[in-house]
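Provided below for reference: sequence and predicted model.
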Amino acid sequence: MAALFLLTLVGAGAGAIFAKYLVDYTEQEVQGRLRKQQTYSETLPFTLSTRLQKLDPLVTNLASPKDAWIRVHASVLLEEETEGEVGLLRKKVEDDFLGYLRTLTLSHLEGGVGLQHLKEDLTERAKTRSKGKIHEVILESVVIQ
């Protein structure tokens, strides 16, 4: 009977130690993930109030060849504080993008590098046109025919 009581005490003690270990390990893991999340949010290139704004589809002809057309669906990441002037800002950016797209040739857009350059150029133009309120241009689709 004493052996059974001793075995029960050893089992309960081992269970308590294991439970304490699990609680401590879980707490450390959660704290580590929170630290990672906080450092990640500090390194974001834009604020948490940034929102996505879709632009109207842009369709125009390319500079060369003359019978080539391009259709671009894009969105921009912009500051939430631009609430009242979003419509005007969108039209300015769309107009600027159309003017730029008309100067491109088919060879400028070939391959992944061409699309990356297009995205970078459009982002730079949008930042300039919006005085820094637009952070990035996201190309949803680009069709050339």
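Right, received. Where do you want to start?

Please enumerate the helices of this protein.
When secondary structure is read from DSSP state H, the chain shows helices at 2-42, 86-101, 111-129.

Quick one, which of the ones you listed gets closest to residue 61.
Evaluated with C-beta to C-beta, the helices of the chain place helix 86-101 nearest to residue 61, the distance being 8.8 Å. Every residue, glycine included, has its C-beta placed from N, CA and C.

How about residues contacting that closest one?
The set of residues external to helix 86-101 that reach it, using C-beta atoms under 8 Å, 6 or more residues apart in numbering, is 53, 55-56, 58, 60, 62, 70, 72, 74, 76, 78, 82, 121-122, 125-126, 129-130, 133-134.

and the helices of the chain as JSON lines, adding distance to residue 144?
Converted to JSON lines, the helices of the chain look like this (distance: least, C-beta to C-beta, whole Å):
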{"stretch": "helix 2-42", "distance to residue 144": "36"}
{"stretch": "helix 86-101", "distance to residue 144": "10"}
{"stretch": "helix 111-129", "distance to residue 144": "10"}
